[in-house]
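Undergrad: I'll drop the sequence and a predicted model, then ask my questions.
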Amino acid sequence: MPHYFAVRTTHGPAWDSSRTLREQALWGEHADFMDALTADGFVALGGVLGGGSGALLIIDAETETAVRARLAQDPWVASAHLEIASIETWNILLNGHRL
């Protein structure tokens with residue numbers, strides 16, 4: 001049975017609020033990293049939340065430790081553009097998208 005985690009990220013101290021998402025330093029590297037995580041099935045869903053101050057990722061992993069270890073490799077986490085605000089297990093009860 002898959003193990004899903006809901007991961008909330010927020011802007012870190014290196015985030016430049018005078019710039020848009022795609023204008024941030026290391027945007028290309030971050031985007032490539034996230035695309036690779038999605039391609040290999042680690043990230044099932046992800047996107048920026050309403051006000052743009054963070055994102056929500058739905059991750060398929062065995063443990064929270066595995067989630068933290070993998071996301072620590074994100075160039076934006078390493079550079080303090082993003083911080084992990086929370087990681088919670090997610091038990092899916094309704095699934096219209098067949099996640």
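TA: Everything's here; your move. Numbering: from 1, shown residues only.
Undergrad: What mean pLDDT does stretch 90-99 get?
TA: Model confidence over stretch 90-99, given as mean pLDDT, is 79.
Undergrad: Now the most centrally placed residue in the chain. Its backbone dihedrals?
TA: Nearest to the mean C-alpha position of the chain, counting by CA atoms, centre = their mean, stands L57 at 4.5 Å. Main-chain dihedrals, L57, degrees, to the nearest 10: phi -120, psi 140.
Undergrad: My guess is it contacts G46. True?
TA: Yes: counting by CB atoms under 8 Å, L57 touches G46, with 4.3 Å between them. Yep, even glycine has a C-beta here, placed from its N, CA and C like the rest.
Undergrad: Show me where the chain dips below the pLDDT cut-off.
TA: 1-2, 98-99 (pLDDT under 70).
Undergrad: hey, where'd the strands end up in it?
TA: Remark: strands assigned in the chain by DSSP state E are 4-11, 43-48, 54-60, 82-90.
Undergrad: So in the chain, which helix runs the longest?
TA: helix 27-39 (DSSP state H).
Undergrad: got the angle for that one vs strand 82-90?
TA: 20 degrees (axes from the mean of the first three to the mean of the last three CA atoms, to 10 degrees).
Undergrad: Flag every buried residue along helix 27-39.
TA: For helix 27-39, burial by neighbour count (16 or more other CB atoms under 10 Å) applies to 27, 30, 33-34, 37.
Undergrad: Now do the contacts for the closest residue to P13 other than its chain neighbours.
TA: Residue nearest to P13 in three dimensions, not counting chain neighbours: A80, with 5.2 Å by CB to CB, 6 or more residues apart in numbering. Applying CB atoms under 8 Å, 6 or more residues apart in numbering, we find A80 in contact with 12-14.
Undergrad: cool, and S53?
TA: Contact analysis of S53 by CB under 8 Å, 6+ apart lists 10-11.
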